[in-house]
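**Q** this one's sequence-less:
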């Protein structure tokens, strides 16, 4: 991943400002102060997903409406553009314009429409770089787990002016405590000390541990059951002897013999003696008694129903008789004797009557007939009641006889009850023995349980060894040793005080140590900006060499902002008519030549962009210079600024 272009947009009336870079090469932008050199890192960082808008220079912030990059991935190019949030009245913006293709044609201003987010961009580039799923878990669990992504790996690609010669910090944004901790947490993965499949292995470990815990719980339960069962063994033997299930003459010496003796009891069906047939007789009598009680209940229901019917009939009879007597007393109706009909209106017999009188006569006659029928049925109802009472008394007598027989049988067969109780006790003991053997079987049913637990423990240990902290530390130390050797071998290529020392990068403190035979000095203890600058350049170039050699998912570019500042401090005025070369200039030329040689060694896998005041005449320097910002030439076109004012 390298930078092909930086593009600035003003508006649709102006062509975009395109700053192009060479892939796999040294790219130098040389220029005067206040031309926009320091803004390069801020622009690249902002376009690559920085949450903050930190582009310096009021003229840049006031004139550029969109900042954009073309990123080169070898077989594919990616175009990223972000709006200047000050134009939107915001501190920053999460939205971006994003596109990718084999070859990108730089879009026009009017084509820039937000279509994605910095979060999606981070995921996309993480994917392109080959950052696999990973997770750093703090060994002491004092902070949240962290996944290394592109936003972490790009921190090794920037050395702005305020960092490149800093004695407190080595890396971009390291002054932020959260960023500093993120670098420490993710650097093992970025270096390659963490296996790419560590997260998958950790998931396998978690699954194996769940399986192991399940087996351990099962083992614990079975051991508890076994312990409880063994404690019951002798009690069961004593109970069996008391009930003559085991002969008292049998001498049981140990638990194994006791288990064998109890086991034999489960093999025989004749242990419980059958109860005599008299017991069956009692059962038959009880069944007969239940049937008689049901018959008696049915008879009582019939008697109740007949009595209810008789009572209602008597009521009807009384009312009908009373009405009949009243009719006869007033002569309203009589049975005709000489003629066909009785005329109740005139009170005499007649040969013919009108229909109305006939209807009255019929009603009166029906009343007389009903009364006669009721009188006739009375004897029948009484007979039915007598018969039902006789049946009831007979059933009651039979029930009493059966109860007497049952009582007599129980009294005469007390031994039967004793045998019944003994059989019940034997049955309970046999049940206890059966449960005891079930518990023993549950312990021995899976004889491979211990073997499974052992195998799981071994598998977990093997998996944990692959991603153990010790293993990780060993890999980190091995990688750091190589990086330290590289830094030390390059040390004499720069002008500084520690050329003969062994250099050591401390990943936990994120600093450099220079070790001699007598002492060790940290970056903070070293004096002179020249020494601090050398440490920054050496560690970053050594890291990028490692990243390239091991194909680590880190952008293959490094931007160095004004590395000669230690020799040309703020306010220094350039003069091009000097005839004598100062020692500072010699040191700077040596530094540029060293960087150029490293680029040649790693080409085309590393791109270095340097923004600086220096403009040396050496051929490699001039060939590597992509733009010179002097005599009015700047990052932002002068006409953009003039029109704004």
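**A** Looks like it came in fine. Source: prediction; values computed, not measured.
**Q** The residue lying closest to residue 121 once chain neighbours are set aside - how many residues pack around it?
**A** Once flanking residues are discounted, residue 121 sits nearest to residue 49: 5.3 Å by Cβ to Cβ, 6 or more residues apart in numbering. C-beta coordinates here come from the backbone N, C-alpha and C atoms, glycine included. Applying other Cβ atoms under 10 Å, we find 22 other residues in the vicinity of residue 49.
**Q** From residue 162, how far out is residue 49?
**A** 21 Å (Cβ to Cβ, to the nearest Å).
**Q** what's the answer for residue 485, then?
**A** Look at residue 485 and residue 162: by Cβ to Cβ, they are 30 Å apart.
**Q** quick revisit: go ahead and confirm the residue nearest to residue 121 touches residue 151.
**A** Yes. Using Cβ atoms under 8 Å, residue 49 is in contact with residue 151, at 6.0 Å.
**Q** Show me whatever sits in contact with both of the two.
**A** Common contacts of residue 49 and residue 151, defined by Cβ atoms under 8 Å, 6 or more residues apart in numbering, comprise residue 122.
**Q** How many residues are close by the residue nearest to residue 634 when sequence neighbours are not counted?
**A** What sits nearest to residue 634 in space, not counting adjacent residues and going by Cβ to Cβ, 6+ apart, is residue 35, at 4.3 Å. Neighbours of residue 35 under the rule other Cβ under 10 Å: 22.
**Q** need the contact list for residue 35.
**A** 629, 630, 633, 634, 635.
**Q** helix or strand for the spatially closest residue to residue 208 that is not a sequence neighbour, which one?
**A** Using Cβ to Cβ, 6+ apart and skipping residues adjacent in sequence, the residue nearest residue 208 is residue 460, 5.1 Å away. Assigned by DSSP states H and E, residue 460 falls within helix 449-466.
**Q** Next, the buried residues of that helix.
**A** 449, 453, 456, 460, 463, 464 (16 or more other Cβ atoms under 10 Å).
**Q** Isn't the fifth one up against residue 209?
**A** Just to be clear, that refers to residue 463. No. Between residue 463 and residue 209 there is no contact under Cβ under 8 Å: 9.8 Å.
**Q** Can you pull up the most central residue in the chain?
**A** In the chain, the residue lying closest to the centroid (Cα atoms, centre = their mean) is residue 203, at 12.2 Å.
**Q** packing partners for the strand or helix carrying it?
**A** Element membership of residue 203 [criterion: DSSP H and E] is helix 198-242. With contacts taken as 3 or more Cβ pairs under 8 Å, 6 or more residues apart in numbering; DSSP states H and E, helix 198-242 sits against helix 255-265, helix 414-444, helix 449-466.
**Q** With respect to residue 243, which of the ones you listed lies nearest?
**A** helix 414-444 (5.2 Å; Cβ to Cβ).
**Q** for that closest one, what is the average pLDDT?
**A** When pLDDT is averaged along helix 414-444, the result is 69.
**Q** Same check on stretch 93-113?
**A** 95.
**Q** next one: that stretch to chain centre, how far?
**A** Mean-position distance between stretch 93-113 and its chain equals 37 Å (Cα atoms, centre = their mean, to the nearest Å).
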